[in-house]
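Participant: Provided below are the primary sequence and the corresponding predicted coordinates.
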Amino acid sequence: SSSFQRFARCYRDFYKALPEVTQSIHEQFVAQLQASIKDEIQKVKDEGNLEMLLNSLDKIVEEAKDREEPAWRPSGIPEEDVRSTLVPYLLKHRAYLQRLLREKEEENRKAAEAVLAGRRRIAELRERIRARKEDWQ
């Protein structure tokens, strides 16, 4: 392998004298290096709960692939950032309040109609009572 070729060049004299031993030392060196690297990676994973964080990052990346608009980024001006977040909420709330107002106005209109109808009925009854009273006298 090219790794062994580089290793052998570094230890040329030793390689010329004992090529099999040099090959064995190289293999042991690579095996120990790989084990050490794997051990260090596992320690980093264990210490920082890295695996969960990486899985979370993978999930975020997957979700972002389907998104058409770019992700929100702060502008550096807090007032604008708050406004950009707050305005859609406030517009939605305003629409809700306007719908609620229309419903209440409609309820009030119906109640006013009912009151007027009741007043007309009372006026009719008073008129009938007055007329009967006159007829009786």
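Facilitator: Yep, it's here. Numbering: from 1, shown residues only.
Participant: give the rounded mean pLDDT of the lengthiest helix in the chain.
Facilitator: Across the chain, the longest stretch assigned as helix under DSSP state H is helix 78-136. Here helix 78-136 scores 93 as its mean pLDDT.
Participant: now swap in stretch 8-28 and tell me
Facilitator: For stretch 8-28, mean pLDDT is 90.
Participant: tell me which residues of that stretch are tucked away?
Facilitator: If you call a residue buried by 16 or more other C-beta atoms under 10 Å, then stretch 8-28 has these buried ones: A8, Y15, T22, H26. Where C-beta positions appear, they are placed from N, C-alpha and C, glycine not excepted.
Participant: which helices and strands does the host helix or strand of the second one pack with?
Facilitator: Going back to what we said before, that points to Y15. Assigned by DSSP states H and E, Y15 belongs to helix 12-17. The contact analysis (3 or more C-beta pairs under 8 Å, 6 or more residues apart in numbering; DSSP states H and E) places helix 12-17 against helix 19-48.
Participant: which residues are in contact with the helix or strand that comes right after the helix it packs on?
Facilitator: For helix 19-48, the following helix or strand on the C-terminal side (DSSP H and E) is helix 50-66. Helix 50-66 has contacts (C-beta atoms under 8 Å, 6 or more residues apart in numbering) with V44, K45, A71.
Participant: most neighbours out of those residues, which is it?
Facilitator: Using other C-beta atoms under 10 Å as the neighbour test, the contacts of helix 50-66 are led by K45, with 14 neighbours.
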